[in-house]
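Enquirer: I'd like to go over a predicted model; first the sequence, then the structure.
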Amino acid sequence: MTEIDMTRDHAELSDTFAARRYFRKFEAITGHLTRVAATMESEKRLSKLEARVIGSYVQMISATFRALSLKYLMTGRTDRSFGGLDIDRVESGFPVFREVLTMSNDAQQVDGHLRGLKRADQLKSDMIAQIVGEQTIPTKLQFAMSQRLYYEALQDGDLFWAQNHPQAQWLRNLKNGRRTYLIWWAVYDSQVNLPTLYLMELEDSGRHGLPIDDRRWPEVQRHLMAQAVGGLKLVTIAKGFDQDFDDLHPKRLRRFHVGPMYSSAFTRQRGPLREVLEEARAPVGQDWTLSWTEEVLESDRVEQERSGWFGTVDREIFALDPFSGRGVDTGATRTERAIIMPARPYQVLAEKTPPGFRDVRKFVVSDSGQVVSYR
């Protein structure tokens, strides 16, 4: 297998076997993430709806990797001008933002691409004819087939795009006449090359339900997408939303960072996890660790603020982490970190007990694929 250039922040997977190994790794990881969400639901850390939303996003991430694996199926076997998948091997271990953005642009023109390619059955017939008649490997036809399958995957939809716009679900009506909704949205953060998921629970004191309000809902969607930046603190996002919408009251905002992914074969992040992976010497398919970070911001109380000459509006006062002043730094009520890893790297981690990992949740994947949670 061709070695990845470890002197660059971004690495192009231009070798056939390296690219396929990378995609197989993420196929397994996203499968484990679905079980992690189910574990969190069983522990009452996610509601049934929240677990369904997180699971849906994980499936979308999995479908995105599957589509990219088809696009780069012939990496290393065709004209090198086509190149390979570009991954961020220092910060995230995921594909760089440009790959996801290009995929989004391809999806907008998918019909034209498919019209310009033969159907799959025709390509198969042409490949057989070349193998039998010319006794040569039909590399160019195989490449055409991979691109056909890639565009078909884009056409099927349900992929994780650069922006995944807000959706809302009614939860309950309150005695004070307000309605409670869960809103969720997600982005592929261009600053850190990671999928980032958002969940907001809010109370609606407006006249019409938010999702069917033609005046407020489009503005809410635009506002939330504009603020979906990893560099913004949750308290900044929530306060801005609270100020801009007098009849919408955010009670809890959560942000999930899916990643980074650490792998001794593909990334060169520094720190204890890399040392654990190197010492574990795990076999192919088990030489990885995925970080999972949840930030939570909760409303502590409500204060009245004057509005106009005679009116008042509710303003949320958010609870920040009181310990060691960390709330000022994080802008969250609390931050919970977790890692997902196979059993062999976990054994090394448990033996080494590096500083800073005592309070990190560990989701350990057994050889049979079961997920067990440890503190």
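Expert: Looks like it arrived, so ask away.

Enquirer: can we go C-alpha only for contacts and neighbour counts from here?
Expert: OK.

Enquirer: what segments of the stretch 51-200 of the chain are strands?
Expert: For the stretch 51-200 of the chain, strands defined by DSSP state E, counting those that start in this stretch occupy the ranges 85-88, 163-173, 179-189, 194-204.

Enquirer: how is this structure partitioned into domains?
Expert: 10-156, 163-374 (automatic domain parsing).

Enquirer: mean neighbour count for those domains - can I get that in a markdown table?
Expert: Formatted as a markdown table, those follow (neighbours: other CA atoms under 10 Å):
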| stretch | mean neighbour count |
| --- | --- |
| domain 10-156 | 18 |
| domain 163-374 | 17 |
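
Enquirer: make CSV from the ones you listed and add mean pLDDT to it.
Expert: Formatted as CSV, those follow (pLDDT from 0 to 100):
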stretch, mean pLDDT
domain 10-156, 89
domain 163-374, 88
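
Enquirer: could the strands of the stretch 51-200 of the chain go into CSV alongside distance to Glu41?
Expert: Listed next are the strands of the stretch 51-200 of the chain as CSV, based on distance: least, CA to CA, whole Å:
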stretch, distance to Glu41
strand 85-88, 31
strand 163-173, 17
strand 179-189, 16
strand 194-204, 15
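
Enquirer: what about the ones you listed, which gets the closest to Gly271?
Expert: Among the strands of the stretch 51-200 of the chain, strand 85-88 comes nearest to Gly271, with 16.7 Å by CA to CA.

Enquirer: ok, and what's touching the closest one?
Expert: Strand 85-88 is contacted by residues 9-14, 19, 68, 72, 93-96, 99, 193, 267 when judged by CA atoms under 8 Å, 6 or more residues apart in numbering.

Enquirer: nearest to Ala282, out of the strands of the stretch 51-200 of the chain?
Expert: When the strands of the stretch 51-200 of the chain are compared by CA to CA, strand 85-88 sits nearest Ala282, at 21.9 Å.

Enquirer: beta partners of Leu290?
Expert: Beta-bridge pairing for Leu290 (DSSP bridges): Met261, Ile340.

Enquirer: and Arg301, how far from Ile317?
Expert: 5 Å (CA to CA, to the nearest Å).

Enquirer: for the nearest residue to Phe65 once chain neighbours are set aside, helix, strand, or coil?
Expert: Once flanking residues are discounted, Phe65 sits nearest to Phe23: 6.8 Å by CA to CA, 6 or more residues apart in numbering. Put simply, Phe23 is helix when judged by DSSP: H, G, I helix; E, B strand; the rest coil.

Enquirer: check whether Phe23 really touches Lys71, as I assumed.
Expert: No - using CA atoms under 8 Å, Phe23 is not in contact with Lys71; the gap is 11.5 Å.

Enquirer: if I pick the residue positioned nearest the centre of the chain, what's in contact with it?
Expert: Closest to where the C-alpha atoms of the chain average out (CA atoms, centre = their mean) is Pro195, at 2.7 Å. Applying CA under 8 Å, 6+ apart to Pro195 gives the contacts 186-189, 257-259.

Enquirer: contacting residues around Asp106?
Expert: 151, 154 are the contacts of Asp106 under CA under 8 Å, 6+ apart.

Enquirer: also Pro166?
Expert: Contacts of Pro166 by CA under 8 Å, 6+ apart are 183-186, 221, 224-225.

Enquirer: one more: Ser92?
Expert: Each residue near Ser92 by CA under 8 Å, 6+ apart is listed here: 192-194, 259-262.

Enquirer: nearest to Ser205, of those?
Expert: Taking CA to CA as the measure, Ser205 lies nearest Leu194 of the contacts of Ser92, at 34.6 Å.

Enquirer: what's the closest non-adjacent residue to the closest one?
Expert: What sits nearest to Leu194 in space, not counting adjacent residues and going by CA to CA, 6+ apart, is Tyr188, at 5.6 Å.

Enquirer: likewise His165?
Expert: Trp185 (5.4 Å).

Enquirer: please compute how far stretch 147-159 lies from its chain's middle.
Expert: Centre-to-centre, stretch 147-159 and its host chain are 19 Å apart (CA atoms, centre = their mean, to the nearest Å).

Enquirer: now do it: everything it contacts.
Expert: For stretch 147-159, using CA under 8 Å, 6+ apart, the contacting residues are 59-64, 67-68, 70-71, 103, 106-107, 110-111, 113-114, 117, 119-120.

Enquirer: mind doing that once more with 6 Å?
Expert: Stretch 147-159 has contacts (CA atoms under 6 Å, 6 or more residues apart in numbering) with 60, 63-64, 67, 70-71, 107, 110.

Enquirer: returning to that earlier point: partners of the residue nearest to His165 in the sheet?
Expert: Here Trp185 sits in beta bridges with Tyr198, as judged by DSSP bridges.

Enquirer: which residues sit in contact with it?
Expert: Per CA under 6 Å, 6+ apart, neighbours of Trp185: 164-166, 198.

Enquirer: the chain: helices as residue ranges?
Expert: Here the chain has its helices, by DSSP state H, at 16-42, 48-71, 97-108, 110-115, 120-133, 139-156, 216-226, 234-244, 272-280, 326-330, 343-352.

Enquirer: perfect, that will be all.
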